[in-house]
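K.L.:
give me a 3D structure for the following:
(one chain, ligands or ions: 2)
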Amino acid sequence: MAENPAFAVQEIGQSLWLDFIHRKALQDGEFQRRIDEEGVVGVTSNPSIFQKAIGDSDTYDEAIRANLDLSANEIYESLAIADIQQATDLFRPIYDKTNKQDGYVSLEVSPLLASSTEETITEAKRLFKAVDRPNVMIKIPATPAGIPAIEEVIAAGVNVNVTLIFSVENYEQVAEAFIKGLERRLEAGESVEGIASVASFFLSRIDNAVDNILKNNMRAAQVHGDTTRIAANRRMLGQAAIANAKLAYRSFQRVFEGQRFAKLKAAGAQVQRPLWASTSTKDPAYPDTMYVDQLIGKDTVNTLPPNTLEAFVDHGTVEGATILRNNETYLDPTSVMENLAELGIDMGQVTHRLQVDGVDAFIESFEKLMQQVAAKRTLLKTGLIDRQKLALGIYNEQVSKAQTEMDKSFIVGRIWSGDGSVWKDHGPTIEKIQNRLGWLHVLNTIDIERLKQLQASIKDSNVTNVVLLGMGGSSLAPEVMYKTFGKAEGFPELKVLDSTDPARIQAVEDSIDLPNTLFIVASKSGGTVETMSFYKHFYEKTGHNGSQFIAITDPETSLAQLAQEKAFRDVFINPADIGGRYSALSYFGMVPAALIGIDLDRAWSSARTMIEANRPEIPAAFHPGLTLGAVIGALAKEGRDKVSIFTTASISSFGDWAEQLLAESLGKEGKGALPVVGATVGKPHDYSSDRLFLYLRIDDDSNLDEVDEGIRTLREAGHPRMTLRLPNPYALFGEFFRWEFATAVAGYQLEVNPFDEPNVTEAKEATKELLQHYQEHGSLPQSEPFIDGTSVKLYADETTVAPLRELGRAHNYDEESRTQVLAAQITGTNTGDYFALLVYLTPDEETEAKIQEIRRRLRHVTRRAVTLGYGPRYLHSTGQFHKGGPNNGVFIQITANVETDIDIPGEPYSFGTLFQAQAAGDLQALHNHNRRAFRFHIDGDIDEGLQKLLDAIEFVENRNQ
Ligand SMILES: O=C(CO)[C@@H](O)[C@H](O)[C@H](O)[C@H](O)COP(=O)(O)O
Ligand SMILES: O=C[C@H](O)COP(=O)(O)O
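P.N.:
Ligands and ions are numbered 1, 2, ... in the order given. Here you go, the predicted structure:
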């Protein structure tokens with residue numbers, strides 16, 4: 001007997017078929033290898049198999065792309081038929097060699113037709129013709145509607161694989177239908193030769209169902225302490241399926257060795273072989289080849305999924321025609337059935353249910369596949385798949401694992417259905433999260449027609465400027481839009497005011513034509529101190545002219561009320577379930593977009609395309625939001641938690657928006673991924689191994705080649721990278737959504753709630769207390785600098801200073817030298833640390849250039865990530881991460897004296913005092929979290945002061961050389 005069990009069974013008269021199909025395996029030689037080495041002589045497919053092949057892989061993308069105008073069903077059919085044809089051609093030599101006994105490939109009729117005889121008949125004949133190969137078998141279920149169809153289709157000369165058979169009675173109906181079909185042919189004078197059929201009898205599902213009942217029985221018997229009953233039930237575990245198949249085989253022998261069939265046989269008919277299906281063991285307690293070893297018999301087929309086939313080839317046993325025998329483990333089938341009946345198990349009922357469920361499961365797979373194909377078609381039409389490129393090197397595996405896990409946990413579907421438990425297990429947080437998912441539904445909640453009317457009313461009007469007053473999520477997206485698109489012809493300019501620095505407020509005021517300016521007061525809460533202070537200032541400046549104001553806020557906020565009282569020009573009430581940083585596509589982003597003349601239809605269509613491409617039907621492997629989120633989350637978990645975002649020139653402000661989204665959503669509970677934005681692309685040696693690079697590029701942007709080159713060099717040096725190619729700037733409206741979705745997904749990965757910002761309020765509270773002190777004492781509290789130079793003073797708490805002194809000593813630094821103390825801090829960081837420059841200066845050109853130089857040099861010297869944020873703006877963005885994220889930040893707060901000041905109408909403090917109190921409040925909050933933070937206060941010329949910081953960096957650089 002052959003040594004390989006897969007060939008040995010053939011000698012007993014059993015054929016092994018493969019229960020699997022996939023284009024890749026057809027093309028890369030896997031099928032041929034299985035024919036050659038594993039004795040495979042046929043193939044079965046079903047809707048679940050095609051769902052996995054077509055729906056869950058990218059192998060078919062090219063073929064789908066070539067058929068984008070077809071319906072999902074037509075696309076599926078063209079793919080399936082092409083695979084079946086390729087497989088039939090591959091197995092044709094076997095078909096010829098075995099004289100039409102083997103070499104068949106099965107294709108199932110749509111499971112949606114399982115309850116209609118007529119439609120099944122038509123469909124089976126149509127598919128048989130469409131595949132157009134003699135060795136194809138059309139699969140028809142053995143349902144009540146299927147049985148008459150089988151007879152009819154056999155009579156028409158079609159090869160049939162009857163599927164979903166679970167009971168012996170049903171098997172006998174199938175055999176009867178087959179024989180009748182052949183008899184009709186004989187009667188009609190037609191040939192019965194070469195018409196092949198198999199009857200697919202399912203195994204593991206029967207054991208699954210019966211074992212469940214037995215185990216329930218055992219639990220019940222346990223309650224009564226009935227050990228005899230427990231034992232009787234236990235003895236029957238794992239017996240039902242094999243016993244049932246053996247009984248079916250007896251029927252087979254009776255029918256096909258009987259007189260009636262003899263006549264057909266004489267006319268050249270083949271027997272309808274029983275085919276064992278559902279043969280992978282589902283209960284890991286059972287041997288993985290039990291449905292193969294025990295069911296070997298002449299004139300049978302066993303169709304095996306790849307794993308089971310491999311297991312059988314590896315360690316299967318072939319001990320003759322086991323189907324005819326019993327042994328100590330697998331008992332006599334008749335007695336098994338009697339025992340099961342005695343234990344109250346009605347096999348008729350069990351098998352009937354299994355067939356009904358089986359049809360349903362195939363329908364489910366089929367429908368899922370249709371949705372996936374439709375979604376894939378949409379996705380391919382958008383070009384999004386081709387435009388997202390992962391180059392993650394060794395991290396590929398983690399990311400695909402994360403994708404698979406999320407697919408299995410239905411994360412995308414659960415997010416879309418508003419399931420807050422995706423992020424938190426239980427408790428009131430779930431409800432809070434559920435009230436933060438409105439960004440998913442902007443297409444239904446934002447009234448674009450109303451925005452178009454607003455747009456029309458502004459175009460060519462006397463409004464020359466729009467000033468947006470708002471912080472963080474209420475201002476960042478409009479800023480990106482204006483910086484990217486500018487203003488369209490006939491529309492006003494947009495200025496974003498998000499700083500309490502009096503010089504900046506003055507600069508805005510000086511740059512506008514006040515009477516012709518429209519102010520947008522944008523605040524979700526309606527109570528943000530900066531925003532409302534700006535409002536008070538400009539409301540007074542306009543001479544209390546409410547018609548120069550528009551409010552964007554949540555329902556029933558004090559701002560909504562104010563807008564009504566002061567007769568604002570317009571009020572946009574935003575859905576309350578959209579959090580600030582997820583509000584780009586809500587009124588917070590779209591009202592300013594309308595006012596600067598952005599093409600709203602184009603913007604909305606870009607957003608819509610992306611939103612649809614993120615629907616649950618899109619498989620995890622291609623899902624744009626899930627993929628980006630998986631990359632960010634999985635790499636952060638691997639220590640690549642500094643997310644450097646680079647863009648080409650025209651969309652360079654996108655990073656500021658994404659920075660808030662990622663930092664504030666993920667930086668909490670000591671975890672997070674730190675966005676690093678606005679930096680120049682460095683050389684590989686500027687970075688250590690804590691980076692992930694995310695690159696957004698516009699296809700024909702001005703500096704494309706330069707950035708491409710820089711990024712390529714980083715990738716070649718082994719840094720992981722994901723590139724998102726955008727066809728034009730309007731694609732940003734889609735990106736807003738992709739990044740929001742991705743952030744929600746990364747929040748799931750990092751097990752944090754991505755919709756709250758628990759640590760932002762701490763700086764606010766500290767600021768409030770300082771302002772209270774100011775009110776009571778006429779000045780902000782003063783602390784003692786630990787280095788008191790003439791042009792620069794350094795302040796910090798003892799937790800920050802003590803280790804610095806120690807480090808300084810180790811390096812023989814002068815404890816009183818500012819440069820050397822700073823140098824100690826610059827030198828004294830650990831792997832994974834980052835620097836944050838928190839700048840409370842007015843960013844004129846010269847200052848900005850110097851700060852950028854500091855940033856670049858600091859990165860170069862330390863290879864640490866260096867972030868840059870202007871206060872108080874960053875408080876509404878990275879401020880959350882600084883305090884809530886991991887304690888690996890070193891904070892250098894840069895302040896200066898306020899030269900000119902502006903009063904805030906109705907408040908006892910000025911903008912200048914507020915600005916200073918915000919800096920001091922944040923420093924205090926950082927210290928409260930034991931962060932290494934110090935204040936670098938410039939007392940005099942800014943440029944000179946900043947030079948001192950550069951000197952310290954240079955000092956370290958020189959020491960390093
Ligand atoms: O019907 C045939 C062969 O005719 C098979 O393709 C059959 O559908 C499969 O073996 C089963 O669906 C697999 O079932 P299971 O292992 O998932 O329980
Ligand atoms: O990111 C949001 C900012 O903290 C501002 O909040 P707000 O919209 O309630 O004014």
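K.L.:
quick check: Ala269 is in a strand.
P.N.:
No - under DSSP: H, G, I helix; E, B strand; the rest coil, Ala269 sits outside any strand and is assigned coil.
K.L.:
how close does it get to Gln101?
P.N.:
12 Å (Cβ to Cβ, to the nearest Å). For glycine as for every other residue, the C-beta is placed from the backbone atoms N, C-alpha and C.
K.L.:
repeat that for Met370.
P.N.:
Using Cβ to Cβ, Met370 is found at 35 Å from Gln101.
K.L.:
can you give me the buried ones in stretch 418-426?
P.N.:
For stretch 418-426, the neighbour count (16 or more other Cβ atoms under 10 Å) marks 418-420, 422-424 as buried.
K.L.:
and the pLDDT at the residue in the stretch 851-961 of the chain that ligand 2 sits nearest to?
P.N.:
Using Cβ to the nearest ligand atom, the single residue of the stretch 851-961 of the chain nearest to ligand 2 is His876, 3.9 Å away. pLDDT, the model's per-residue confidence, is 96 for His876.
K.L.:
likewise Ala2?
P.N.:
At Ala2, the predicted lDDT confidence score is 61.
K.L.:
could you report the pLDDT at the closest residue to Gly589 other than its chain neighbours?
P.N.:
Leaving out its chain neighbours, the residue that sits closest to Gly589 by Cβ to Cβ, 6 or more residues apart in numbering is Ala477, at 3.9 Å. The score at Ala477 is 98. That number is its pLDDT.
K.L.:
can you tell me the helix or strand for Leu424?
P.N.:
Let me fix one detail, which is that residue 424 is Lys and not Leu. Secondary-structure assignment from DSSP states H and E places Lys424 in no helical or strand segment.
K.L.:
revised request: answer the last question for Ala933.
P.N.:
Ala933 is part of strand 932-938, with elements assigned from DSSP H and E.
K.L.:
what's next to the helix or strand following that strand, contact-wise?
P.N.:
Scanning forward in sequence from strand 932-938, with DSSP H and E defining helices and strands, the next element found is helix 942-960. The set of residues that contact helix 942-960 without belonging to it, under Cβ atoms under 8 Å, 6 or more residues apart in numbering, is 789, 791-792, 811, 818-820, 822-823, 826-827, 841, 846-847, 850-851, 853-854, 857-858, 860-862, 892, 894, 896, 936, 938-939.
K.L.:
buried subset of those residues as a ChimeraX selection?
P.N.:
Here the buried members of these are turned into a ChimeraX selection, burial being counted by 16+ other Cβ under 10 Å:
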select :789,792,818,819,820,822,823,826,827,841,847,850,851,854,857,858,861,862,892,894,896,936,938
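K.L.:
pretty sure Gly639 is in a strand, no?
P.N.:
No - using three-state DSSP, the secondary structure at Gly639 is coil, not a strand.
K.L.:
when Ala269 and Gln101 are compared, which one has more neighbours?
P.N.:
Using other Cβ atoms under 10 Å as the criterion, Ala269 and Gln101 rank with Ala269 on top: 25 against 19.
K.L.:
I'd say that one and Glu193 touch.
P.N.:
Yes - between Ala269 and Glu193 there is a contact under Cβ atoms under 8 Å: 7.2 Å.
K.L.:
give me the residue from the stretch 301-450 of the chain nearest ligand 1.
P.N.:
Going by Cβ to the nearest ligand atom, ligand 1 is nearest to Thr303 of the stretch 301-450 of the chain, at 4.9 Å.
K.L.:
distance check, that residue against Asn161.
P.N.:
Counting by Cβ to Cβ - Thr303 and Asn161 are separated by 9 Å.
K.L.:
which neighbours do these two have in common?
P.N.:
Contact criterion Cβ under 8 Å, 6+ apart; residues bridging Thr303 and Asn161 by contacting each: 44, 200, 275.
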